[in-house]
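Asker: Provided below for reference: sequence and predicted model.
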Amino acid sequence: MRIVALAGGIGGARFLRGLKEAVAPGDVITVIGNTGDDIHLFGLKVCPDLDTVMYTLGGGIHEEQGWGRADETWSVKEEMKAYGVGPDWFGLGDRDFATHIVRTQMIAAGYPLSAVTEALCHRWQPGVRLIPMSDDRIETHVRITDEQGSRAVHFQEYWVRLHAEVAAEAIVPVGADTAEPAPGVLEAIAEADVILLPPSNPVVSIGTILAVPGIRRAVADAAAPVVGLSPIVGGAPVRGMADKVLAAVGVEAAADAVALHYGAGLLDGWLVDTADEAAVAAVEAAGIRCRAVPLMMTDVPATAAMARAALQLAAEVRA
Ligand code: GDP
Ligand code: CA
């Protein structure tokens, strides 16, 4: 079976770890990763979501934190601070720095991000084919109003520096509308037997991937069933700021509202948590097959069970 998953960072990566346990030997998983979170810092190109997937599946992730490297040290960051060179609000550890140096060096030598990602994965062996959504530069910006007035900030500044404390008024994936899908993306979608939307952020992770027009069209037109898992459980994100960015696009932080936001034109099946059993009827009424199952990724076996439920729902939709 050929499985395609669109993925953001922590939620996507943790789901993929369960999916790898759930599939049969010989099944192929292609991951289309979000690059809207990418940021240039200290002259380096940083791809937080691609790296979270790569480190999580490759065994290098800082488990409790969910991002960055295990056994990290912070000498470079401290030295930069001693020089008074910022920003100091974004955590880049010494081991992590090496990834960004390799990436930036390869890009400067003319390699597209997709080739660079493949090269980085050569070391990490994530067990999936990880492709960035696009080789073109895309950056998610957030419009806010604070004491400095109304302005747009990079998504990382909104989340990491400002802790999503002010309301997000608009989310703009700058560059997405003219971006082309990276090589391999459209082929993988067209050849897929199932397309999964992990419980990643529906606006700034999956929403950004779908903001590339060619990708949205391909997913909507795909022969394969598209099945998603709700990142909202009991009316709140399990972690992160999905409620803030959902509000910016006028969507309630509720399991059924997220399914309707994707819409029946895109989604064939949707899993909600058992806590949201009451949401099933509204989703089904919209023409999306819906089931309530436990959706907390407490450990790999629980996550694998979620992945199996998603694959089973896809099989039901297909039949
Ligand atoms: P990010 O890029 O690191 O923010 O990660 P993603 O976009 O891939 O995933 C973030 C989303 O994962 C958040 O909206 C969370 O609510 C969701 N999430 C995290 N852990 C869980 C979990 O155990 N279960 C479910 N259903 N969602 C989760
Ligand atoms: Ca992210």
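Answerer: Thanks, I have it. Since this is a predicted model, take the numbers as computed values, not measurements. Ligands and ions are numbered 1, 2, ... in the order given.
Asker: I'd say residue 121 and residue 132 touch.
Answerer: No - the criterion here is Cβ atoms under 8 Å, and residue 121 misses it with residue 132 at 11.1 Å. For glycine as for every other residue, the C-beta is placed from the backbone atoms N, C-alpha and C.
Asker: Looking at these two, which is more packed in?
Answerer: residue 132 (27 against 20; other Cβ atoms under 10 Å).
Asker: That one and residue 117 touch, don't they?
Answerer: Yes - counting by Cβ under 8 Å, residue 117 is a contact partner of residue 132 at 5.6 Å.
Asker: near ligand 1, which residues of this structure?
Answerer: Within the chain, the positions near ligand 1 by Cβ under 6 Å from any ligand atom are 7-12, 49, 52, 199-201, 205, 230-231, 233, 237-240, 242, 295-297.
Asker: distance of the nearest residue to residue 251 once chain neighbours are set aside from ligand 1?
Answerer: Nearest residue to residue 251, sequence neighbours excluded (Cβ to Cβ, 6 or more residues apart in numbering): residue 261, at 4.6 Å. Going from residue 261 to ligand 1 by Cβ to the nearest ligand atom, to the nearest Å gives 13 Å.
Asker: now the closest residue to residue 93 other than its chain neighbours: how far from residue 92?
Answerer: Nearest residue to residue 93 in three dimensions, chain neighbours excluded: residue 72, at 3.5 Å (Cβ to Cβ, 6+ apart). As defined by Cβ to Cβ, to the nearest Å, residue 72 lies at a distance of 9 Å from residue 92.
Asker: contact partners of stretch 302-312?
Answerer: 3, 14-15, 17-19, 21-23, 194, 196, 227, 229, 269, 271, 291, 293-297 (Cβ atoms under 8 Å, 6 or more residues apart in numbering).
Asker: again, 10 Å this time
Answerer: Stretch 302-312 has contacts (Cβ atoms under 10 Å, 6 or more residues apart in numbering) with 1, 3, 5, 14-24, 27, 193-194, 196-199, 225, 227-229, 269-271, 273, 291-297.
Asker: about what we covered before: please spell out which residues along the strand or helix carrying the residue nearest to residue 251 are buried.
Answerer: For residue 261, the host element (DSSP states H and E) is helix 255-262. For helix 255-262, the neighbour count (16 or more other Cβ atoms under 10 Å) marks 255, 256, 257, 258, 259, 260, 261, 262 as buried.
Asker: Would you format the residues you listed as a markdown table with pLDDT and distance to ligand 2 included?
Answerer: Below are the buried residues of helix 255-262 laid out as a markdown table (pLDDT from 0 to 100; distance: Cβ to the ion, whole Å):
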| residue | pLDDT | distance to ligand 2 |
| --- | --- | --- |
| 255 | 98 | 20 |
| 256 | 98 | 24 |
| 257 | 98 | 21 |
| 258 | 98 | 16 |
| 259 | 98 | 21 |
| 260 | 98 | 23 |
| 261 | 98 | 18 |
| 262 | 98 | 18 |
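Asker: who's in contact with the residue nearest to residue 251?
Answerer: Here residue 261 is in contact with 202, 203, 207, 246, 249, 250, 251, 252, 254, 267 (criterion: Cβ under 10 Å, 6+ apart).
Asker: swap in residue 220?
Answerer: Here residue 220 is in contact with 210, 226, 263, 265, 266, 267 (Cβ under 10 Å, 6+ apart).
Asker: Now the second one: phi and psi?
Answerer: By that I understand residue 226. Note on residue 226: its backbone torsions stand at phi -110, psi 120 [degrees, to the nearest 10].
Asker: Same check on the third one?
Answerer: Here the main-chain torsion angles of residue 263 (degrees, to the nearest 10) amount to phi 90, psi 160.
Asker: what's the span of stretch 1-21 from first residue to last?
Answerer: Start-to-end span of stretch 1-21 (Cα to Cα, to the nearest Å) is 14 Å.
Asker: Could you give the separation of it from the chain centroid?
Answerer: Distance of stretch 1-21 from the chain centroid (Cα atoms, centre = their mean, to the nearest Å) equals 9 Å.
Asker: Next: stretch 143-152.
Answerer: On Cα atoms, centre = their mean, the centre of stretch 143-152 falls 26 Å from that of its chain.
Asker: And it, end to end?
Answerer: Termini of stretch 143-152 sit 4 Å apart (Cα to Cα).
Asker: Show me which positions of that stretch end up buried.
Answerer: Of the residues in stretch 143-152, 143, 144 count as buried by neighbour count, 16+ other Cβ under 10 Å.
Asker: Give the partner strands of the strand ranked longest in the chain in its sheet and their orientations.
Answerer: The longest strand of the chain (DSSP state E) is strand 139-146. Taking DSSP bridges as the criterion, strand 139-146 forms sheet pairs with strand 149-154 (antiparallel), strand 170-174 (antiparallel).
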